[in-house]
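A.B. asks: Could you work out the structure for the sequence below:
(chains A, B, C, D and E)
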Amino acid sequence: MRPFQDSPIARDGKVLILAYDHGLEHGPVDFDPVPETMDPEVVWDIATHDAVSAMAVQKGIAEAYYPSYEDDVNLLAKLNGTSNLWMGEPDSAVNWSVDYAAEVGADAVGFTLYGGSNNEIEMAEEFRDAQEAARDHDLPVVLWSYPRGQGLKNDRKPSTIAYAARQALELGADVAKVKYPGSTEDMEFAVDMAGRTRVVMSGGSKTSDREFLTQVKGAVDAGAVGLAVGRNVWQRENAAAFLDGLEAVIYEEASVEEALDRI
Amino acid sequence: MRPFQDSPIARDGKVLILAYDHGLEHGPVDFDPVPETMDPEVVWDIATHDAVSAMAVQKGIAEAYYPSYEDDVNLLAKLNGTSNLWMGEPDSAVNWSVDYAAEVGADAVGFTLYGGSNNEIEMAEEFRDAQEAARDHDLPVVLWSYPRGQGLKNDRKPSTIAYAARQALELGADVAKVKYPGSTEDMEFAVDMAGRTRVVMSGGSKTSDREFLTQVKGAVDAGAVGLAVGRNVWQRENAAAFLDGLEAVIYEEASVEEALDRI
Amino acid sequence: MRPFQDSPIARDGKVLILAYDHGLEHGPVDFDPVPETMDPEVVWDIATHDAVSAMAVQKGIAEAYYPSYEDDVNLLAKLNGTSNLWMGEPDSAVNWSVDYAAEVGADAVGFTLYGGSNNEIEMAEEFRDAQEAARDHDLPVVLWSYPRGQGLKNDRKPSTIAYAARQALELGADVAKVKYPGSTEDMEFAVDMAGRTRVVMSGGSKTSDREFLTQVKGAVDAGAVGLAVGRNVWQRENAAAFLDGLEAVIYEEASVEEALDRI
Amino acid sequence: MRPFQDSPIARDGKVLILAYDHGLEHGPVDFDPVPETMDPEVVWDIATHDAVSAMAVQKGIAEAYYPSYEDDVNLLAKLNGTSNLWMGEPDSAVNWSVDYAAEVGADAVGFTLYGGSNNEIEMAEEFRDAQEAARDHDLPVVLWSYPRGQGLKNDRKPSTIAYAARQALELGADVAKVKYPGSTEDMEFAVDMAGRTRVVMSGGSKTSDREFLTQVKGAVDAGAVGLAVGRNVWQRENAAAFLDGLEAVIYEEASVEEALDRI
Amino acid sequence: MRPFQDSPIARDGKVLILAYDHGLEHGPVDFDPVPETMDPEVVWDIATHDAVSAMAVQKGIAEAYYPSYEDDVNLLAKLNGTSNLWMGEPDSAVNWSVDYAAEVGADAVGFTLYGGSNNEIEMAEEFRDAQEAARDHDLPVVLWSYPRGQGLKNDRKPSTIAYAARQALELGADVAKVKYPGSTEDMEFAVDMAGRTRVVMSGGSKTSDREFLTQVKGAVDAGAVGLAVGRNVWQRENAAAFLDGLEAVIYEEASVEEALDRI
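C.D. replies: Next comes the predicted model:
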């Protein structure tokens, strides 16, 4: 573990990760609301906003575009991921080695774990290799900790999300990305369970400005260090303005109302 | 990713890959229309046509014949492939290591991914290894991106083909080989979705001169950089003349009528 | 095998391992009785008690907290483990390589084997790699030897526990951690079966002070070198006092009554 | 691929491989007709016949006997194989690494592929490793190309055997060993399909002198470079004389009648 | 293959292996007849008898006890083995690497193969690695060749045992350990089938002095070089005296009556 304050993906100890791996995970449908976002340049441009402390993408998007943005954006190499063309017990292909991610210029790595899936054990062992390789490169590690699959009926139960946060701590992630459990109190439970591992809220599918900012505020009040968000930013026509609002909530302790005023 | 203009398999930024791995993938039946094409020399000779920017073959065909053609043909090493003697959820054996392909003199590598297959994750991880090894050898990577298998009923749906093109971008291919979705507009969707990854249309089974050239023209108009074609060339008695027509459409912006005149 | 007297996790040839991997294995529910124990610092503080000869944790807990405690606590790196979000034939992910455990400062390594599980053979082979790597680093090896799974109806049968102890010897563990079989005589059987491999009793779920101390006393009288305990210590409000009692039984040959007086 | 004329297992560009891996593949029953053939020395002695250009055996038979015969026999290291005690979808264990085969003195390597089996993909990938390692050692590669298993009802259909010959070419074998499809014309189809990969006929179970020589003659007339044979030689009491007959047909373009006169 | 006369586990070309891996394979129940044999020291002491040319044990028993006996006993490292807590298609975990066995001081290695099991292919490939590593260390290899599992109803059929002996030869074992097929003639069949691989009879479960010696005599008369025995020695109160009898039969060509007089 490295001092989080010094982490290249943190700004004053806070984090706003702009996620853009939806082209792989969900396919073209996620670009329907704002069709130009299918062009990675559009989203990389959004990521140059000062509020964004890192951009999370798959290998190909990094190889092809990061050289044009490396002065303005921090790169979070999302190491695994898979299409939803395939349907089965949740799993994720490791598409990127840590060594090559470092070569491409990654500032951090990200990895998905589906706790509770029949593939949990294999995924955990792949995470072990990635995490230890990341340590060799001195790269912070973010775990997308998403319980899912066989035997899990409701993956938003507060105790499940708290368990997910704990898995991130136990397995050696520096940051746990978890779903918002619905209330500040429940998020606090997850934050406490994560110990010295920092927690960021996962953005999820698009909601209204107020609703989303309220959730983020709830997470921040609960002790989360920030947010990893995709659709709730770039599925908005006014992505930059909305980032102003998120910046206020995450970095400046603004209220939801103050943040809404910024947008 | 490397500058595509400098790619050894491109000619003025355009591509015409002559594919000849059908002996493995489909067996003797594909040589029935023009029996002499079962002899690789016949097809290698066709590949010396100026329109062909690369020939895609399996390892054995390269080892045995490429030394006789290396001055006249660029070699695209098709790394995986399997027979259709076997029937099951789509999969493909990795028959060729990138290191050895480089030793044999490959100018580029090719790899099939069956998105949506139960084997997608394993294939994606094999692709990771191949793609990263190709980067070490500075070889461009072409992904045969063919959604197929469990849960996919119609693999020609425009959104599925666009998804396939996107997978190629996200996973780090320089070129995506996808099926023609049926219209210029739908092909444009795939091309847009592929971002900086170039798209080539996959030839498929043999059709009439006009129909095929119309598809190729449609693909080129949509922004595809060219074509990967096998049967639609070498299952024609007049393969060289037909390549004249394809050359006109792909490299010279000719109309279908102009191209037909050349044949 | 190394001389156990010289083992860094033994004190005068006796052992009290404080286990704290429950956040991974069982999740938040284990912290309900004493909620502050969800904070690893609280349990690391408990582990500074003189009675504790080593603290057993997963990689992430070690990375994040051990640097703060390395002068006061010996680290037992628990190499494998998995969540109970997943349900299936018993298995455990290897979350930590021995090389990296050594780098983090481990004084010993621990590994779970579910004998009788359909995954026994794979787990045994993973143990082989871990055990031999541990020999390279001169680290003692503790086997959590827990028969469980397909075909095992009652994993507390004395002959099953004796078999588990024997597996530890045959496979090359220095210490076998086994369940208490219910009587001193039966524990003696397990201790005898383990030969030169030392046996420690596994604590299990929380019971009364007297009941637990009676079991520990029974194990020690049977020749066990001590105890590996989690919930029976840190699910007590008076953990430190209870450790005084355990210290008396394990290191000072005290009776249960004498030990109860210390608490 | 290496110039076949220079291949250590060819004599004037022709091949007669004496196969003797039946003890593993079929067990004792194959030695019933001539019981002394259970003694490898008896068959090694047969292999010293000038007609035999290589002897194909498993690792153990090579290790134990080849040192006594290395001046008189060329060694073809049969790398995979399995007993028929096991029944299931066709598969074969890789019993011998190429590196060690080279150390034992192999002049060539052999490998079985069951095209159409559920294990085809795994076998093809094992073949890739063996073939590329053989290239490093400059050893010719013979593929026992036997379509078999799930979905294949008749593995002697001419198009199936031609497909098998083609697989050998596509995958990088120097020599394809295929079943005789029943006529010279059908064998020619297989030979043509194999391109620059040479074809040898597989001997199969014992038949009459005339019938077998007629098949061999048919294969040679079709362009096969020879024969790989086991039982049809050493299940004959007059193995040496029968080899005289085979020598005539394979190396001297003799007719069946001329060959029968030699026996 | 190495000259058997020079093998460290042979005495005048004869072999008596004392096997003691029953604690892993069968568990405590095998020690019921003579309870003190659960203590490895008791059996190591038995192994110091001059008749015993090697002691076969798992890694843990070797690590913990062999340093005390290395001047008096030859060590045969039994590399694989598994508990019978697990029930399923026969399989065996590889618990010991050859490199580490050599480091511990092994004079030879042993490996179990269950021919006919669904796991035969995997086991054969694990054996390949072990056998070739043993060659690097110049260690003789003993194969416990036990047909067992799916499709095998009677594993004592003479032809099955002869097949097992042949597998040992074909796969590269120096010594084959097989069950006694019931008569000298049938054992001779197995010995012949093993060629230059030496055969030892497997002791099996305990029988009367006369019955066991008669079997051993039958095996020796059939050409077996000796015996691998566990329970038939150390489940006897008079193990040392019984070894005197075995010594007479194996090394001195004594009759059964003469041997019985020694006991």
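
A.B. asks: Residue A:141 contacts residue A:113, correct?
C.D. replies: No - when contacts are counted by CB atoms under 8 Å, residue A:141 is not listed as touching residue A:113 (11.3 Å). All C-beta spots, glycine's among them, are computed from the backbone N, C-alpha and C.

A.B. asks: From start to finish, how long is stretch A:31-49 in a straight line?
C.D. replies: Length of stretch A:31-49, first residue to last, CA to CA, to the nearest Å: 20 Å.

A.B. asks: Let me know the secondary structure of the residue nearest the centre of chain A.
C.D. replies: Nearest to the geometric centre of chain A sits residue A:228, at 3.6 Å (CA atoms, centre = their mean). Following DSSP: H, G, I helix; E, B strand; the rest coil, residue A:228 is assigned to strand.

A.B. asks: what residues are up against residue A:250?
C.D. replies: Taking CB atoms under 8 Å, 6 or more residues apart in numbering or on different chains as the criterion, residue A:250 is in contact with A:14, A:15, A:16, A:51, A:216, A:220, A:226, A:227.

A.B. asks: From the structure, what's the count of residues near the fourth one?
C.D. replies: Residue A:51 sits with 23 neighbouring residues when counted by other CB atoms under 10 Å in any protein chain shown.

A.B. asks: residues in contact with it?
C.D. replies: By CB under 8 Å, 6+ apart, the residues touching residue A:51 are A:16, A:243, A:244, A:246, A:247, A:250, A:251.

A.B. asks: Just to be sure, the first one is in a helix?
C.D. replies: So the one you mean is residue A:16. No - counting by three-state DSSP, residue A:16 is located in no helix; its state is strand.

A.B. asks: re the thing from before, could you dump the contacts of residue A:51 to a markdown table with secondary structure and pLDDT?
C.D. replies: Formatted as a markdown table, the contacts of residue A:51 follow (DSSP: H, G, I helix; E, B strand; the rest coil; pLDDT from 0 to 100):
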| residue | secondary structure | pLDDT |
| --- | --- | --- |
| A:16 | strand | 98 |
| A:243 | helix | 98 |
| A:244 | helix | 98 |
| A:246 | helix | 98 |
| A:247 | helix | 98 |
| A:250 | helix | 98 |
| A:251 | helix | 97 |
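
A.B. asks: List only those of those residues flagged as buried.
C.D. replies: Among those, those buried by neighbour count (16 or more other CB atoms under 10 Å in any protein chain shown) are A:16, A:243, A:244, A:246, A:247, A:250, A:251.

A.B. asks: Quick check: closest non-adjacent residue to the fifth one.
C.D. replies: Nearest residue to residue A:247 in three dimensions, chain neighbours excluded: residue A:51, at 3.6 Å (CB to CB, 6 or more residues apart in numbering or on different chains).

A.B. asks: Which of the helices or strands spans the one you found?
C.D. replies: Assigned by DSSP states H and E, residue A:51 belongs to no helix or strand.

A.B. asks: what are the phi and psi angles of it?
C.D. replies: Residue A:51 adopts backbone torsions of phi -70, psi -20, taken as degrees, to the nearest 10.

A.B. asks: Mind pulling the model confidence for it?
C.D. replies: Looking at residue A:51, its pLDDT is 97.

A.B. asks: quick one: contacts for residue A:18?
C.D. replies: By CB under 8 Å, 6+ apart, residue A:18 lies in contact with A:43, A:46, A:47, A:52, A:54, A:55, A:56, A:228, A:229, A:230, A:233, A:234.
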